[in-house]
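>>> my questions are about this predicted structure, shown below with the sequence.
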Amino acid sequence: MKARIIDVGKYVPNLSISNEDFTKIMDTNNEWIVQRTGISSRHFSEINTSEMAYQAVLNLLENTKFNKEDIEIIIVCTCTPDAYSPSVANLVKKKLKLSKDIPSFDINAACSGFIYGLKVVQGLIESGLYQNIILVGSENLSKLLNFDDRSTAVLFGDGAGAILVQGSNQGIIDTLIYNKDDINGAINIPNGINIETPFTNNQCSGPAHIQMKGQDVFKFATKVCINMLKEIVVKNNLTFNDIKCIIPHQANLRIIEYAIKMLGINKDKFVITLESLGNTSSASIPIALDSIKKELKKGDKLIFVAFGGGLTYGVSLLEW
Ligand code: ACO
């Protein structure tokens, strides 16, 4: 039994923030942002992570005509949850008003969250434990931006993507997930909480803002992207000619273009949505998948590849 993606849904907030909008609040310009990142605009949400995730699931259910009562488990990938508890997945389940007490939980693997989620879903289906799973990537990164830091504030956006995965005779072929120690603190999002008890010293990891050493992340991302893409095709006795399309995590066009150049793959195989969405972390791959789903035919082979805070990274090869 394999885990097959049946369909995908998405939620992208209405509010689009252009590079020009950023020039009104900080010392930046459209040329720098476009040249260094490929991003022209991004969407900022006025609803929280769980509501975006719920909207993506509603869009998915509408597309598939799948009866929500047949969902057996809900998993949400996010590094921007509404709260420590309940989890975003718990809140999505509550919003769906299901009659059964099905399990739901979150996964946090930063921008690699969706690949980590796929690995979990693959295991749950291949083992025969579950047959109908909803996997969501939902992120509200705009709320964690430091608008005094022009090198990170312009990179991120909000959104959510959701997939329905079912047991089938074809589907996910292989998923590889990894975690390299972030020794120099290349990406951090502190919780911003001043933990005070009558018995302990205050501990605060810093304001709840994305902090990133851009060049360190750039080097890490290009290296693991290239290595993972090679690894997954070789391991499965394929070549890039066998792959219909590759959906990379949408962090920076230069990272994607570098991988394309080093691997000698045709650029047309890469799905790129970051120009109008920015980096939506664990939501970026399902949202990009939604953008091309009408072009996919049964049996097409796809690769998803991601990297992010942690430092996490992962790749998944599947048949549509
Ligand atoms: N507008 C104008 N100038 C800027 C801006 C801006 N928004 N941001 C930085 N600069 C300036 C800097 O101040 C610096 O000026 P200086 O030379 O006078 O000191 C100059 O541009 C160069 O800065 P660098 O940091 O060296 O620029 P770089 O080419 O490395 O680009 C960037 C920065 C875009 C962040 C790049 O390093 C990058 O994309 N890294 C990878 C980030 C990434 O992929 N993150 C996603 C993974 S993590 C996750 O998804 C959670």
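That came in fine, so what should we check first?
>>> list the contacts of the closest residue to the ligand within the stretch 101-250 of the chain.
As assessed by C-beta to the nearest ligand atom, the ligand sits closest to residue 214 within the stretch 101-250 of the chain, at 2.7 Å. C-beta coordinates here come from the backbone N, C-alpha and C atoms, glycine included. Listed by C-beta atoms under 8 Å, 6 or more residues apart in numbering, the contact set of residue 214 reads 151, 152.
>>> and residue 258, by the same measure?
Per C-beta under 8 Å, 6+ apart, neighbours of residue 258: 222, 226.
>>> which other residues reach the helix or strand where residue 290 lies?
Using DSSP states H and E, residue 290 maps to helix 284-292. With contact meaning C-beta under 8 Å, 6+ apart, helix 284-292 is reached by 5, 8-10, 12, 56, 111, 114-115, 135-137, 159-163, 245, 247, 249-251, 271-274, 277, 280, 302, 304, 306.
>>> excluding its backbone neighbours, what's nearest residue 176?
residue 315 (5.3 Å; C-beta to C-beta, 6 or more residues apart in numbering).
>>> hmm, the one you found is touching residue 172, no?
No - in this structure, residue 315 is not within contact of residue 172 by C-beta atoms under 8 Å, at 11.4 Å.
>>> residue contacts, the residue nearest to residue 99 when sequence neighbours are not counted?
Excluding its sequence neighbours, the residue lying closest to residue 99 (C-beta to C-beta, 6+ apart) is residue 69, at 6.2 Å. For residue 69, the contact set (C-beta under 8 Å, 6+ apart) comprises 98, 99, 100.
>>> flag every residue of the stretch 1-150 of the chain that's near the ligand.
Contacts of the stretch 1-150 of the chain with the ligand, taken as C-beta under 6 Å from any ligand atom, map to 28, 32, 33, 36, 37, 110, 111, 150.
>>> re the thing from before, name the strands paired with the helix or strand just after the helix holding residue 290 and say parallel or antiparallel.
Past helix 284-292, further along toward the C-terminus, the next helix or strand under DSSP H and E is strand 301-308. For strand 301-308, the pairing partners within the sheet under DSSP bridges are strand 245-248 (parallel), strand 312-319 (antiparallel).
>>> redo these as TSV? Include mean neighbour count.
As requested, the strands paired with strand 301-308 are arranged in TSV below (neighbours: other C-beta atoms under 10 Å):
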stretch	mean neighbour count
strand 245-248	24
strand 312-319	25
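>>> no further questions, thank you.
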